[in-house]
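Novice: have a look at this prediction, sequence included:
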Amino acid sequence: MKKLLLSALTAATVMGVGGTAVAATTCTTKYLTGVWAASGPLESDAICVVQFKTNGWITQSICFDRKTLKPVGSMTGRFTSTKSCDVTGDFDFATKSGKKKMTIKFKGKFDPKAGVLRGEIKSKGTPAYEYSFIQQWN
C-alpha cells in the first residue's frame, strides 16, 4: 500500500532534459501554472492529475489506480522553481478516504519549452522514486 501511495506521488522523469535548452531559459514558479498528468515508473500503480496555481500551490489533484482507474487519493502542498529551473516540492498525500497521510518531498528539473517536469519523490523511511509531470494546459 505504501508503494502504491508513494508511486502515486513520485514526481518527475519522463524524458531527458537537454542541459543547454534549460540553461538558456529563466524559470519561475508561475510556469508551473495549469493542469499536469503525473506518473512514476511503468510498474507503479497510480497516475495523478494535478492543478497548480501561479504561486505553486496545488489547487486540485486526484490519483488513480493504473489498472482499475479507481481513485486512490489526492495531494496537497506546494512546488517552487528557481531561475535555473530546479523544482522542489513538499506535499501531503491522503488516501481517498482521507486517511493514511504521508509527507513527500519532490526534487527535479523543469523543461518549460517541453512542458516536462521530471525528478524524484521521497517519503521518510522509503527509497526515492522517479516521477514525471507532463503539462496538459495552463
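Specialist: Yep, it's here.
Novice: let me see the ranges of the helices in the protein.
Specialist: 2-9, 19-23 (DSSP state H).
Novice: which intervals of this structure have sub-threshold pLDDT?
Specialist: Under the criterion pLDDT under 70, the flagged ranges of the chain are 1-24, 42-43.
Novice: was I right to think Lys105 contacts Ala128?
Specialist: No - look at Lys105 against Ala128 with CB atoms under 8 Å: they stay out of range, at 9.0 Å. Every C-beta, even on glycine, is put in place using the N, C-alpha and C of the backbone.
Novice: shared neighbours of those two, anything?
Specialist: Residues touching both Lys105 and Ala128 by CB atoms under 8 Å, 6 or more residues apart in numbering: Ile121, Lys122.
Novice: what segments of this structure are strands?
Specialist: If you assign secondary structure with DSSP state E, the strands in the chain sit at 34-39, 46-52, 58-65, 71-81, 86-95, 102-111, 116-123, 129-137.
Novice: name the residues that touch stretch 82-89?
Specialist: 11-12, 22-23, 25-28, 32, 56, 77-81, 105-112, 117, 119.
Novice: show me which of the residues you listed are buried.
Specialist: For the contacts of stretch 82-89, a burial check counting by 16 or more other CB atoms under 10 Å picks out 11-12, 22, 27, 32, 56, 77-79, 81, 105-106, 108-112, 117, 119.
Novice: isn't Glu120 right up against Lys107?
Specialist: Yes - taking CB under 8 Å as the definition, Glu120 is a contact partner of Lys107 at 5.9 Å.
Novice: quick one: stretch 28-43 to chain centroid distance?
Specialist: Taking the mean of its C-alpha atoms, stretch 28-43 sits 5 Å from the chain's own mean (CA atoms, centre = their mean, to the nearest Å).
Novice: oh, I was asking about stretch 96-112
Specialist: Using CA atoms, centre = their mean, the offset of stretch 96-112 from its chain centre is 6 Å.
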